[in-house]
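In: need a 3D model of the sequence below.
(2 chains)
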Amino acid sequence: MGGLQKKKFERGSATNYITRNKARKKLSLSLPDFRRLCILKGIYPHEPKHKKKVNKGSTAARTFYLLKDIRFLLHEPIVGKFRDYKVFVRKLKRAYGKTEWSAVERLRENKPTYKLDHIIKERYPSFIDALRDIDDALCMCFLFSTFARTGKCHVQTIQLCRRLTVEWMNYVIASRSLKKVFISIKGIYYQAEVMGQLITWLVPYQFSHDHPTDVDYRVMATFTEMYTTLQGFVNFRLYHSLNLIYPPKLDSKAESQLEDEGAYAMNSESYLEKLSALSSSLARVVSSAEEEEAELDQFPVEGEDIEKMEAREKEQQQQEVQKKIFVGLKFFLNRESPRESLAFVIRCFGGEVSWDKSVCIGSTYDVKDETITHQIVDRPSIEKQYINRYYIQPQWVYDCVNAKILLPVEDYFLGVTLPPHLSPFVEEKDGDYVPPEKLKIMALQRGEKPANDEEEEEEEEEEDDEDDEEEDNEDEEEEAEEKNLKKMEQQRSQGKSLQVKVTPGKVKVENPERLEQEEKAEEKRLAIMMMKKKEKYLYDKIMFGKKRKVREANKLAAKRKAHDDAEKSKKKKARK
Amino acid sequence: MAARRLKRVVASQPGFMKLKSTSDDGDSISGRRKRVNKNKKKNWNKHSDVQDIDEFLQDVRHQERTTGGLLCEKPDDSLFFLDVGPPQKPEQKAAPLEGKRRKGRDSRPLRIDLILQHDSLVPPPKDVLAFQQPNAKKLRRIAQKAEQLAAKGVVPRRQKQLLNRRSVERTAKRAVTEANNNPNRDYYDMWGQEAPNPADPWYLQQTGKSRVKRPEKLNQKPSVLPAVEVIAPGGSYNPDFISHQSLLQEAHEVEVKKKKEEDKIQRQLAVNREDTATEETILREQVEGLVEEENEEAAAPNEEEEGVTVGGITRSDRKTERQRRKERAEKVKAQRRLAGRRHIDQRQQLFQLRSIKASIKQQDQITKIKRKQRKANQEAQKAQPRRLGKLKFQAQDLEVKLSDELAGSLRQLKPEGSVLKDRFKSLQKRNLIEPRERAKFKRRLKVKYQEKRAFREIT
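Out: Down below sits the predicted model:
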């Protein structure tokens, strides 16, 4: 047994990791600089699997980096820039202290700066990589663009963020790629599909900032610095993919319209303001008329795929229709409605939009325009009403977008209690509880008329009138409903898809279908009988799980019904 | 002094008045003349007696300085006047107005200023050099030429050079110092086709001109969580009843959990009633060791017993040969019995094959389940924030609007929570940055407070 004694912590995981402080010293940077560098280069701390081994026997919680990552950082040219900056600050301080103003000026002129272009290229080698990471960038840009121009961050950063977000919104409008909108209590969530990538971003409400103290602004500013660069390059690429001019220019038509409005902003800012009005389309490199005619080429494929192809085509057509739900509609936004968000959404789906001249630059027509079809109002009543237009609440626009059809306007009239604004980001699975409002929308999407509900309401109205019969009626109704529920439960438990909206008129028509169904059910039963014991066990387990889910959903539905009843009775009382 | 001198001047006036009559007296006293060669200019300067001329000139200067000219040339009126007693003071001064007096005082210069005033009557000599320009003629000519050329529109070469250079420099400088967050910066097609560098890659690498390749591993995201987590459907501004209730429930559970933890700490910190000193315990403590003799007596015999037992262990009898033999035999016998038993068991297991198989299967299943569980746990762990520093990640409070806070319309909506904080926490949750606390301000020197005396007197 010879050889040297092995020393501890000289091999294995102890040598793979490095603590933050050591890394900092290795790069000879201060902690803030080190942090900034890590954020810019996309190097994040690691949690080692065996802390004790890495930490040389101690179990103290420390921040570790992979040693290889830090070695990689050593090659970064920006590190040198950071050091330069440190020297610059020192010199500047000295010049200030000595009140050498000429020296101060000279130093200021030669302030060392750096670019992040090469880092972006390095981190996102292809455009799709960049697009996948754009969510964060968008959120950050939208957030910073709403900041007040106080000392919390550089004014220039805010301006840049504003510019980038306006560019992005204009792109989404031009490409009609918006999919979902959700107005939450936090902010507005948008989702768009750009080049096959789903991109979600969150826009804060305007003027809603209180600056929280427990947020590290320096870190956020660094992230923003990186993300603005990324966003700019992505915007450039996206604009070019649509043959739009970058930096964006307004259409020549729109430009001539807007020319006379010099009173809003200074010359340097007015163009951005006009762009951010979102009311007019952008100039293209090639005129747009030729492009829209282009169709997808069709390649002949073998037999099986044809069906798929057809389905896909159908889907595409549907999507095309969905993209144009607001085409031909003319909106006018009242001053109390959120202008930017509404204008963005309406324009994304092809609508025309305008607002009062005093609200913002870029209004294209007046309230008095007779061709306006919808006026969006967010106040209980309005004095002067035109007959040939709908006065609706802003939620209608968002709900239409989420439902992908034009919803009936009746529920959204002035002063009407709005139906709930459902989240489009929830996707119900088989057997989950689906809120009745969503069911209604789904029925509308399938092309059915919401006759049922109206009838119900009418019935209820009648009930109100006939107090005597009310109780019996209700009891009967309830019984019927319970039966319905049971039936539904049975159906669901057999694993069929929901056929919830079965109108009484259609039952007779369905007879052949039902026969088919019965046949299928029979087959299924036989199949179950033929199962092996083990499989049977598994099957039973799955079915039990499904049943439980259905039961829970039913419970929720019952709860909802109780709530609705309570509301109704309350209303009734209020009416009396 | 001046008056005396004047008197003397007046007294000794032959043709020209001398101010210092004593000087020529000293010269006549000096007796023997010195003989000096007069053929050298140096000696002229050295030995010729110019004192009288010097004095004369000095006198002239002096007269000019003090009186503004030679006294002899002045008219008598300027030198003499008729003394007619003290001048009559005007009557007005008897009752001077205050304002006026002040005004008079203001207009009169201060004495100190008078002393410092330049009192020479000779104007200071002109500095000729100050008005002269070296090479004036040449410069004038050059300027004339330049004017002519400028009229023709010809720019001199040097200026042209300067102009050229300045423009180049400006652009270069701006390119260098353009800040990263310049709102008007321009972008280009980053992911377009790039011409490959024709140079030798080995050369580029060795001279540090090519970038080090980024390791693939760095492009993996540290967490599987999405960048933007959409709020639950109950967070809608106008939510569905059930989803709102479920969100409220969730928030409630979070709060309950927090409360529980707080309560736990409170419970642990609470003072135990039994630990507080009562009168009885205090008294017992005070008389500790004074009264309790009985107990000690009771304890004493115990100790003795222990001592005995310990002694017993140490003492051991030697075994006899017979005893040993017997033990050995017993041991062998037991071993044999065990072997037989094992043999029978093994045979018996042949008939238990089914049950053994079953048990093996069961074990297998258990391991499988455990493995699956472990996998699931690992997957769940991936979505969890890691421990990256001293502090643990703390999720922010759930944004919730209570049922009575829900606004009926978008206009009345009051946003909940802060998007900035949400983003910050999201970054932490996705392991991009470590959770940190704001550095606390630590004062190095102690602050001393002292009441001011004036303040103390009042209170």
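In: residue contacts, the residue lying closest to A:Ser175 once chain neighbours are set aside?
Out: Counting by CB to CB, 6 or more residues apart in numbering or on different chains, the nearest residue to A:Ser175 once its immediate chain neighbours are dropped is A:Leu242, at 5.9 Å. C-betas here are computed from N, CA, C, even on glycine. Each residue near A:Leu242 by CB atoms under 8 Å, 6 or more residues apart in numbering or on different chains is listed here: A:171, A:174-175, A:284.
In: distance of A:Val426 from chain B?
Out: Here A:Val426 is placed at a distance of 5 Å from chain B (CB to the nearest CB, to the nearest Å).
In: before we move on, back to that, now flag whichever of the contacts of A:Leu242 is closest to chain B.
Out: A:Tyr171 (13.2 Å; CB to the nearest CB).
In: wasn't the closest one part of a helix?
Out: Yes. Applying DSSP: H, G, I helix; E, B strand; the rest coil, one finds A:Tyr171 inside a helix.
In: could you pull out the strands in chain A for me?
Out: Listed in chain order, the strands of chain A (DSSP state E) span A:17-19, A:64-66, A:178-183, A:187-194, A:197-204, A:330-333, A:352-355, A:374-376, A:390-392.
In: mean pLDDT and distance to A:Cys141 for those - can I get that in TSV?
Out: Formatted as TSV, the strands of chain A follow (pLDDT from 0 to 100; distance: least, CB to CB, whole Å):
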stretch	mean pLDDT	distance to A:Cys141
strand A:17-19	94	33
strand A:64-66	95	28
strand A:178-183	94	17
strand A:187-194	94	13
strand A:197-204	95	9
strand A:330-333	92	24
strand A:352-355	90	23
strand A:374-376	93	27
strand A:390-392	93	31
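In: chain B is nearest to which of the ones you listed?
Out: Closest approach to chain B among these (CB to the nearest CB): strand A:197-204, 4.0 Å.
In: show me which residues of the closest one are buried.
Out: A:199-204 (16 or more other CB atoms under 10 Å in any protein chain shown).
In: got the end-to-end distance for stretch A:94-113?
Out: 20 Å (CA to CA, to the nearest Å).
In: now it: buried residues?
Out: A:95, A:104, A:107, A:112-113.
In: shaky segments in the chain?
Out: Since no chain was named, I'll use chain A. Along chain A, segments meeting pLDDT under 70 span A:1, A:208-209, A:253-269, A:286-304, A:449-510, A:576.
In: my bad, the chain I had in mind was chain B
Out: Looking along chain B with the criterion set at pLDDT under 70, you get B:1-32, B:87-106, B:166-177, B:292-315.
In: roughly how far does B:His36 sit from B:Leu121?
Out: For residue B:36 the amino acid is Val, not His. 41 Å (CB to CB, to the nearest Å).
In: also A:Lys180?
Out: 101 Å.
In: those two - which one has more neighbours?
Out: A:Lys180 (19 against 12; other CB atoms under 10 Å in any protein chain shown).
In: show me what contacts the most centrally placed residue in chain A?
Out: Residue closest to the mean C-alpha point of chain A, counted by CA atoms, centre = their mean, is A:Tyr190 at 2.6 Å. By CB under 8 Å, 6+ apart, the residues touching A:Tyr190 are A:178, A:180-181, A:200-203.
In: so A:Asp356 makes contact with A:Arg335?
Out: Yes. With contact defined as CB atoms under 8 Å, A:Asp356 reaches A:Arg335; the gap is 5.6 Å.
In: still on that earlier bit, turn the buried residues of strand A:197-204 into CSV, columns for distance to chain B.
Out: Listed next are the buried residues of strand A:197-204 as CSV, based on distance: CB to the nearest CB, whole Å:
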residue, distance to chain B
A:Ile199, 9
A:Thr200, 4
A:Trp201, 6
A:Leu202, 6
A:Val203, 8
A:Pro204, 4
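In: closest to A:Val550 out of the residues you listed?
Out: A:Thr200 (30.8 Å; CB to CB).
In: tell me the bridge partners for that closest one.
Out: A:Gln191 (DSSP bridges).
In: these two touch, right, it and A:Asp136?
Out: No. If you go by CB under 8 Å, A:Thr200 and A:Asp136 don't touch, sitting 10.3 Å apart.
In: from chain B, how far out is the nearest residue to A:Lys52 once chain neighbours are set aside?
Out: Nearest residue to A:Lys52, sequence neighbours excluded (CB to CB, 6+ apart): A:Thr59, at 5.5 Å. Note on A:Thr59: its distance to chain B, by CB to the nearest CB, is 11 Å.
In: now do A:Thr59: how many residues are near it, please.
Out: By other CB under 10 Å, the residues close to A:Thr59 number 8.
In: do the same with A:Leu414
Out: Other residues close to A:Leu414 by other CB under 10 Å number 16.
In: chain B contacts on the stretch 451-576 of chain A?
Out: Proximity of the stretch 451-576 of chain A to chain B, by CB under 8 Å from any CB of the partner chain, involves residues A:556, A:559-560, A:563-564.
In: looking at those, state which has the most neighbours.
Out: Most surrounded of these: other CB under 10 Å gives A:Leu556, at 19 neighbours.
In: pick out the most distant pair among the contacts of A:Tyr190.
Out: Across the contacts of A:Tyr190 (CB to CB), the longest gap, 14.4 Å, separates A:Leu178 and A:Leu202.
In: for B:Glu147, helix, strand, or coil?
Out: Applying three-state DSSP: B:Glu147 is helix.
In: what sits up against stretch A:402-421?
Out: Outside stretch A:402-421, the residues touching it (CB under 8 Å, 6+ apart) are A:180-183, A:322, A:325, A:374, A:377, A:379-382, A:390-393, A:395-396, A:398-400, A:422, A:424, A:435, A:437, A:441, A:444-445, A:450, B:236-241, B:408-409.
In: helices - which of those land there?
Out: A:322, A:395-396, A:398-400, A:437, A:441, A:444-445, B:241 (DSSP state H).
In: save those as TSV, and put in distance to A:Asp84 too.
Out: TSV is the format used below for those (distance: CB to CB, whole Å):
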residue	distance to A:Asp84
A:Gln322	54
A:Gln395	54
A:Trp396	56
A:Tyr398	50
A:Asp399	55
A:Cys400	55
A:Glu437	60
A:Ile441	59
A:Leu444	63
A:Gln445	61
B:Phe241	61
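In: would you list the buried entries among those?
Out: Buried among those by 16+ other CB under 10 Å: A:395-396, A:398-400, A:437, A:441, A:444, B:241.
In: looking at the residues you listed, which is nearest A:Leu67?
Out: Looking across those and measuring by CB to CB, the closest to A:Leu67 is A:Tyr398, at 50.4 Å.
In: I appreciate the help and will end here.
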